[in-house]
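> when you get a sec, could you give me coordinates for this:
(one chain, ligands or ions: 1)
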Amino acid sequence: MAEQQRIVIGGGKRLEGEIPIQGAKNSALPLLAATVLCSGESVLHNCPHLSDCDSACRILECLGCRCKREQNTVTVDSSVISCTDIPASLMREMRSSIIFLGSVLTRCGRCRMSFPGGCELGPRPIDFHLAALREMGAVIDERHGYLECTAPKGLNGARITLSFSSVGATENIMLAASLAEGTTEIHNAAREPEIVDLAEYINKCGGKISGAGESTIVIEGVKRLSSCEHRIMSDRIAAATYLCCGAITGGELILTGADHSGLRPVIAVLERMGCSIYTYGKSNVFINVRRPLTSPGTVRTNVHPGFPTDAQPPLMALTAVAGGTTVFVENIFENRFKHASELVRLGAHISVEGKVAVVIGVRSLSGAELVATDLRGGAALVTAGLAAEGTTKIAGLSHIDRGYENIEGVLRSVGADITRK
Ligand code: UD1
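Below you'll find the predicted structure:
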């Protein structure tokens, strides 16, 4: 359905009002995978309505878990895991489905899944995940596009050093190590806030993880994890996107339920551009833009606490209409500038060479017909469309729906002229 539909935006409306920030997709997915570790009924609150979360629930159901969604609460009963084989059709729905490998393998001693393959952002290797699980004693056979993994006597704790602080690999190791025999150390671990959320959930269920959020994480394996009730952290990338949307329209927004500690790298760049941003209370962020914005200079994406790669596309849309030249250096993914050629259709001046994009700010953009080819790139097109003169139509909505809960409804509620047709 989303394939035929388009988002239609009448640009130029100033955004004003309050946006409650959705639960984090990148936390919901590993948490849903973590429910496999638990021998009971887990309750996850603040779980966003996203196609990626639906895909994760379908994988859980295929494994034999019972999943129930009531509004934004998902209940997973994983008392019985009756299947350890995840078919290719489900693996293909969501590239990050590899996150289920660690939990299924450690709970059941075996797991068969198809290779997740490449994705819109370039090749998506899983070598760190596989090497770490092998260090923990897994036997992994890669054949005919499938991963056949066994650990008949269970996994063992290991000392693992990641050559790059991969978020997914860190999560997969944490999941696998939680029910392994002995202690696992992850060195050069990812430090993203979502890692901390995962550790909190596992610890509430009786796990023993320390150091999450730092570069060394220690996981003491336990025999059994019970289950718990947990509220998924807020989505810092959705929050960053809506800050860019507010800024590009010269608007005034309050984001509620937005954990601002995880947003610091983005807020710093927006302030450099001339946005006034105030954080108050535990989770409110106020943005007000009263003057023309200027380039923030060079923006280098990096692992947390660096500037998040997922916020690069919407920020690029904003810099397209900011005074001066902005240079983006994309250090995380190989192919993450696909939105640039679509922004050019709106009149943006952007040139891309390898991992560097140079954006020369223009006075205005003019509406055009665009196609979203990946999730955050799609968000960049929506951001730009809000400021473009005339009508912008965006196709490829299945990408956007993977990560933004009702994006058009949210933006309409703060004054945007935006519909889905
Ligand atoms: C997660 C996020 C994604 C975000 C990314 C970086 C989820 C569901 N997704 O993705 O939104 O953009 O972190 O913050 O949380 N790599 C390898 N081998 C591996 C694993 C990764 O070479 O085995 C490379 C990747 O190709 C990429 C880099 O490491 O170039 C970072 O990837 P990683 O941190 O693993 O990202 P994901 O966990 O896939």
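
> looking at the stretch 151-300 of the chain, which residue is nearest the ligand?
Residue of the stretch 151-300 of the chain nearest the ligand, by Cβ to the nearest ligand atom: G168 (2.7 Å). C-beta coordinates here come from the backbone N, C-alpha and C atoms, glycine included.

> average pLDDT across whichever strand or helix holds that residue?
Using DSSP states H and E, G168 sits in helix 167-178. Model confidence over helix 167-178, given as mean pLDDT, is 98.

> how about L90, secondary structure?
Classification of L90 into helix, strand or coil gives helix, according to DSSP: H, G, I helix; E, B strand; the rest coil.

> domain ranges for the chain, per the record?
Partitioning the chain according to automatic domain parsing yields domains covering residues 2-21+235-420, 25-231.

> just to revisit the earlier point, surely the residue of the stretch 151-300 of the chain closest to the ligand meets S97?
No. Because the distance of 10.3 Å does not satisfy Cβ atoms under 8 Å, G168 is recorded as not touching S97.

> the helix holding G168 - contacts with which helices or strands?
For helix 167-178, the contact count by 3 or more Cβ pairs under 8 Å, 6 or more residues apart in numbering; DSSP states H and E identifies helix 25-34, helix 100-108, helix 127-135, strand 183-187, helix 193-204, strand 216-220 as packing neighbours.

> contacting residues for the residue of the stretch 151-300 of the chain closest to the ligand?
Contact partners of G168, counting by Cβ atoms under 8 Å, 6 or more residues apart in numbering, are 96, 98-99, 126, 129.

> out of those residues, who's near the ligand?
With the criterion set as Cβ under 6 Å from any ligand atom, the members of those near the ligand are 96, 126, 129.

> how many neighbouring residues does the last one have?
Yep, that's H129 we're talking about. A count of neighbours around H129, defined by other Cβ atoms under 10 Å, yields 24.

> do the same with S27
S27 has 29 nearby residues by other Cβ under 10 Å.

> OK, contacts around it?
By Cβ under 8 Å, 6+ apart, the residues touching S27 are 193-194, 197-198, 232-233, 235.

> and those as TSV, adding pLDDT and neighbour count?
Rendered in TSV, the data for the contacts of S27 read as follows (pLDDT from 0 to 100; neighbours: other Cβ atoms under 10 Å):
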residue	pLDDT	neighbour count
P193	97	21
E194	98	26
D197	98	26
L198	98	28
I232	98	26
M233	98	24
D235	98	30
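
> contacts only, for the residue of the chain most remote from its centre.
Most distant from the centre of the chain: K153, at 33.7 Å, with distances by Cα atoms, centre = their mean. With Cβ under 8 Å, 6+ apart as the criterion, the residues that contact K153 are 109, 137.

> present the helices and strands packed on helix 167-178 as CSV; the columns should include distance to Q71.
As requested, the helices and strands packed on helix 167-178 are arranged in CSV below (distance: least, Cβ to Cβ, whole Å):
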stretch, distance to Q71
helix 25-34, 14
helix 100-108, 25
helix 127-135, 33
strand 183-187, 35
helix 193-204, 20
strand 216-220, 33
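
> nearest to N335, of those?
helix 127-135 (18.0 Å; Cβ to Cβ).

> relative orientation of that closest one and helix 167-178 in degrees?
Note on geometry: by axes from the mean of the first three to the mean of the last three Cα atoms, to 10 degrees, helix 127-135 and helix 167-178 are set 20 degrees apart in direction.

> off-centre distance for helix 127-135?
Centre-to-centre, helix 127-135 and its host chain are 22 Å apart (Cα atoms, centre = their mean, to the nearest Å).

> hang on, the earlier thing: quick check: the residue of the stretch 151-300 of the chain closest to the ligand vs I332, distance?
The spacing between G168 and I332, counted by Cβ to Cβ, to the nearest Å, is 12 Å.

> equivalent analysis for L31, please.
Distance from L31 to I332, by Cβ to Cβ: 22 Å.

> of the two, who's got more company?
A count of neighbours by other Cβ under 10 Å puts L31 above the other of L31 and I332, at 29 against 19.

> thought that one was touching V196?
No. L31 is beyond contact range of V196, at 11.9 Å (criterion: Cβ under 8 Å).

> what does the stretch 201-350 of the chain have sitting close to the ligand?
For the stretch 201-350 of the chain, the residues in contact with the ligand under the definition Cβ under 6 Å from any ligand atom are 309-310, 332-333.

> quick check, nearest of the residues you listed to S283?
Lowest distance from S283 to those (Cβ to Cβ) belongs to D310, with 19.5 Å.

> that's a helix at the closest one, yeah?
Yes. In this structure, D310 lies within a helix as judged by three-state DSSP.

> circling back to that earlier point, between the helices and strands packed on helix 167-178, which gets nearest to V74?
Taking Cβ to Cβ as the criterion, V74 comes closest to helix 25-34 out of these, the separation being 7.2 Å.

> and the ligand, is the closest one touching that?
Yes. With Cβ under 6 Å from any ligand atom as the measure, helix 25-34 is seen reaching the ligand through 26, 29.

> one more: stretch 389-409?
No. Residues of stretch 389-409 are not located near the ligand by Cβ under 6 Å from any ligand atom, the shortest gap being 8.1 Å.

> show me what counts as buried in that stretch.
Under the neighbour-count criterion of 16 or more other Cβ atoms under 10 Å, stretch 389-409 has 392-397, 399-405, 407-408 buried.

> same check on stretch 126-141?
Neighbour counts over stretch 126-141 (16+ other Cβ under 10 Å) mark 126, 128-130, 132-133, 135-138, 140 as buried.

> among these, which pair sits farthest apart?
Greatest spatial distance among the buried residues of stretch 126-141 (Cβ to Cβ): I126 and G137, at 17.9 Å.
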